[in-house]
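Novice: I would like to see how this sequence folds:
(chains A and B)
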Number of protein chains: 2
Amino acid sequence: MENKYAIGIDIGGTNIRAAIVSDKGEIIKKIKEKSSGDIIHAIHKSVENLFNENIAGIGFAVAGLIDYQKGSVLISPNLPSIEGEDFVNKLSARFNLPVIIENDANAAAYGELCAGAGRNYSDFVLLTLGTGIGGGIIYNKKLMNVSAEIGHMSINSEGKKCLCGNYGCLESYASARAIISSAIAFLENGRKSILRDWNNNYKKITAEEIFRAAKDGDLLSIEVFKNAGKFLGIGISNIINILSPEAVILTGGLTGAWDIYVKEAITIASERALTYLFKRTKIIKSELTDDAGIIGAAGLVFNRQV
Amino acid sequence: MENKYAIGIDIGGTNIRAAIVSDKGEIIKKIKEKSSGDIIHAIHKSVENLFNENIAGIGFAVAGLIDYQKGSVLISPNLPSIEGEDFVNKLSARFNLPVIIENDANAAAYGELCAGAGRNYSDFVLLTLGTGIGGGIIYNKKLMNVSAEIGHMSINSEGKKCLCGNYGCLESYASARAIISSAIAFLENGRKSILRDWNNNYKKITAEEIFRAAKDGDLLSIEVFKNAGKFLGIGISNIINILSPEAVILTGGLTGAWDIYVKEAITIASERALTYLFKRTKIIKSELTDDAGIIGAAGLVFNRQV
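Specialist: Numbering: from 1, shown residues only, chains lettered A, B, ... in the order given. Just a heads-up that it's a prediction; the model follows:
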């Protein structure tokens, strides 16, 4: 009898989140490890904690550009210490299990396909809206084996220089990082805002604070979120015109600001995308939220596609 | 024994171009009909001229947005008289043959896959660089059943209004239409150029004339082509970041200006796309040029994919 469980591991930000996941996409047991310090050690510890004889394989979701042939991470701006590390082959040898590695947004898209908001669609694009913006593309019910670096699509060719070296990337206008720096720029210019009272060092404000202020009617904060939403809408309309998906699924912390940020994006996309294509595209929220990457990475163990 | 020939028909511009094509992608016999006047009549005439008992089916490549379920053309800016016409089902009934319809750039991409510059790649994007800009995406050696309206990707979100209703579309900066209107704008502003001597009504200059002038060292014409090439490069870098293709294949009249226009595009794409992805992407010229659509449309008769 085949093993019906896999370990899914999401490496990104400050924590390693790992779980035993069934082949139906259910999370059986979930743990967290700090990813500070020796990250490879922390990865091994996570696997050890979850390993049992019913595990069919291990799937990693990692924020970064993946080298699928070598099974390693080429570039990971948030986790440079993992770049080039051969942990996939080492883990595979140690536990005698197949180990796969995938970009975190790609894994999240696959997770939503298996057990989330994408389960009823054949073709959709997932966008992760957080500090940065990532993407994953599902086509014919399969995860496309492509970079899907949708956050690094230039929408203002002479615009702001992005961390990636390009100019005017979607991520530079519509991510949490962009929202924060836009709010700080307004505050530096002397604009009135409740944010000044909430944080005695306004250079340390968070996207959550700006969103809370927006909900309280703070005009600066509303403007900042709406403006980011406008650019998200431009990005979504490009995606619709190029890939004509049935759905665009949005996930990540910024979807908390749905009513200001995403609603503006939907309005703008409706004005800009080719009408026929826009009308057949649903723009919806993820169901698995933070677990999508874990579930998708585990799911890829059962159903690795070329 | 199965029939090894199909009729491929390319409907766009001022002519209907049709051919008998073998299942190896070889053109056996090719004809042209004027598409002015009653286009449906002209389509029937083309098929009649080529029809014989060895024909397995008919494939259409049409400039426009296709409704695959109905087998009709939803929107075709250059051929509005074809919009909504049920010619696919009518032809199918009349000749008792399968008839398929595909967007012209999609068909051209499939043609290059079957018998052209794409035959050695699994994943590539084809861009048609003419009056407008179209696209077709090949993934895992199959034509993706998506809109691929890459010309209507906004690269300058607050830029020029495009015919499609969006702002700052790639097509508005990098197509022949854009090159011509950019040259005219310079001439209206009094810029010196050999173009003035060549054409007593400079508002009627063609992209060919501008290219010829550029080759003769005309500074205005060089600038116009280089600038269009820059934007093409921005579009290509977006495609590379999103779809990480093995190749970008360029076709259409503007590829004649490879050394000025495309070379500039490649330079810009090398600076803007994610380096690792750019390095693995070949940017090459189509081999089938004008025949790609015919060959691809015929090819889809033999190998229609879901």
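Novice: for chain B, what are the nearby residues on the stretch 1-150 of chain A?
Specialist: Neighbours of chain B within the stretch 1-150 of chain A, by CB under 8 Å from any CB of the partner chain: A:65, A:74-75, A:123, A:135, A:139-140, A:144, A:146-150. C-beta: built from backbone N, CA, C; applies to glycine.
Novice: one more time with 6 Å, if that's ok
Specialist: Where the stretch 1-150 of chain A comes near chain B, counting by CB under 6 Å from any CB of the partner chain, the residues are A:74, A:146, A:147, A:149, A:150.
Novice: Please enumerate the strands of chain A.
Specialist: Assigned by DSSP state E, the strands in chain A fall at A:5-12, A:15-22, A:27-34, A:55-62, A:65-67, A:72-75, A:99-103, A:124-129, A:133-139, A:142-143, A:247-251, A:282-285.
Novice: Show me what the last one is packed against.
Specialist: Counting by 3 or more CB pairs under 6 Å, 6 or more residues apart in numbering or on different chains; DSSP states H and E, the packing neighbours recorded for strand A:282-285 are strand A:247-251.
Novice: now for the strands of chain A, which one comes closest to residue B:242?
Specialist: strand A:133-139 (7.4 Å; CB to CB).
Novice: With distance to residue A:256, neighbour count and pLDDT added, can I get the residues of the stretch 1-150 of chain A next to chain B in TSV?
Specialist: Below are the residues of the stretch 1-150 of chain A next to chain B laid out as TSV (distance: CB to CB, whole Å; neighbours: other CB atoms under 10 Å in any protein chain shown; pLDDT from 0 to 100):
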residue	distance to residue A:256	neighbour count	pLDDT
A:74	31	16	92
A:146	28	21	96
A:147	27	23	95
A:149	24	28	96
A:150	20	28	98
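Novice: if we can go back for a sec, so which of the strands of chain A is nearest residue A:110?
Specialist: Nearest of these to residue A:110, taken as CB to CB: strand A:142-143 at 4.5 Å.
Novice: How about the contacts made by the residue in the stretch 1-150 of chain A that chain B sits nearest to?
Specialist: Using CB to the nearest CB, residue A:147 is the residue of the stretch 1-150 of chain A that sits closest to chain B, at 3.8 Å. Listed by CB atoms under 6 Å, 6 or more residues apart in numbering or on different chains, the contact set of residue A:147 reads B:244, B:277.
Novice: what separates it from residue B:272, distance-wise?
Specialist: 14 Å (CB to CB, to the nearest Å).
Novice: now swap in residue A:22 and tell me
Specialist: From residue A:22 over to residue B:272 (counting by CB to CB), the distance is 43 Å.
Novice: Same drill for these two, tell me which one is more crowded.
Specialist: residue B:272 (27 against 17; other CB atoms under 10 Å in any protein chain shown).
Novice: List the residues that contact that one.
Specialist: By CB under 6 Å, 6+ apart, the neighbours of residue B:272 are A:166, B:237.
Novice: change it to 10 Å
Specialist: A:152, A:154, A:157, A:162, A:164-169, B:230, B:233-234, B:236-238, B:240-241, B:278 (CB atoms under 10 Å, 6 or more residues apart in numbering or on different chains).
Novice: Ok, residue A:105 next?
Specialist: By CB under 10 Å, 6+ apart, the residues touching residue A:105 are A:12, A:61, A:63, A:125-128, A:130, A:132-137, A:148-151, A:251-252, A:292-293, A:296.
Novice: Same check on residue A:81?
Specialist: A:35, A:36, A:37, A:38, A:39, A:40, A:73.
Novice: Neighbour-wise, give me the winner out of those.
Specialist: Ranked by the number of neighbours (other CB under 10 Å), those place residue A:73 first, at 25 neighbours.
Novice: That one contacts residue A:82, doesn't it?
Specialist: Yes - using CB atoms under 10 Å, residue A:73 makes contact with residue A:82 at a distance of 5.1 Å.
Novice: Residues that sit against both of the two, list them.
Specialist: With CB under 10 Å, 6+ apart, residue A:73 and residue A:82 have common neighbours A:11, A:60, A:62, A:63, A:64.
Novice: which of the residues you listed has the most neighbours?
Specialist: Among the shared contacts of residue A:73 and residue A:82, residue A:60 has more neighbours than the rest - 32 neighbours, counting by other CB under 10 Å.
Novice: you'd agree that residue is up against residue A:7?
Specialist: Yes - Residue A:60 is within contact range of residue A:7, at 9.3 Å (criterion: CB under 10 Å).
Novice: list residues touching both of these two?
Specialist: Counting by CB under 10 Å, 6+ apart, the shared contacts of residue A:60 and residue A:7 are A:18, A:47, A:91, A:99, A:294, A:297, A:298.
Novice: distance of the residue in the stretch 201-306 of chain A positioned nearest to chain B from residue A:48?
Specialist: Across the stretch 201-306 of chain A, no residue is closer to chain B than residue A:244, which sits at 3.8 Å (CB to the nearest CB). Using CB to CB, residue A:244 is found at 45 Å from residue A:48.
Novice: more crowded one of the two?
Specialist: The neighbour count for residue A:244 versus residue A:48, taken as other CB under 10 Å, is higher for residue A:244 (22 against 10).
Novice: What sits closest to the more buried one if chain neighbours are left out?
Specialist: Among residues not flanking residue A:244 along the chain, residue B:147 sits closest, at 3.8 Å (CB to CB, 6 or more residues apart in numbering or on different chains).
Novice: which stretches of chain A have low pLDDT?
Specialist: Residues of chain A meeting the criterion pLDDT under 70: A:1-2, A:13, A:304-306.
Novice: Residue A:32: neighbouring residues, count only.
Specialist: 13.
Novice: Show me what it is bridged to.
Specialist: For residue A:32, the beta-bridge partners under DSSP bridges are residue A:17.
Novice: list the contacts for it?
Specialist: Residues in contact with residue A:32 (CB under 10 Å, 6+ apart) are A:10, A:14, A:15, A:16, A:17, A:18, A:19, A:46.
Novice: who touches the fourth one in this structure?
Specialist: It stands for residue A:16. Listed by CB under 10 Å, 6+ apart, the contact partners of residue A:16 are A:9-10, A:31-35, A:39, A:42-43, A:45-47, A:60.
Novice: Closest one of those to residue B:26?
Specialist: Comparing the contacts of residue A:16 against residue B:26 with CB to CB places residue A:60 closest, at 47.3 Å.
Novice: for chain A, which residue is closest to the average position?
Specialist: Nearest to the mean C-alpha position of chain A, counting by CA atoms, centre = their mean, stands residue A:128 at 3.2 Å.
Novice: Mind listing what's buried along stretch A:87-99?
Specialist: Within stretch A:87-99, the residues scored as buried using 16 or more other CB atoms under 10 Å in any protein chain shown are A:87, A:88, A:91, A:92, A:95, A:97, A:99.
Novice: distance between it and the chain's centre?
Specialist: Centroid displacement of stretch A:87-99 relative to its chain, using CA atoms, centre = their mean, to the nearest Å, is 25 Å.
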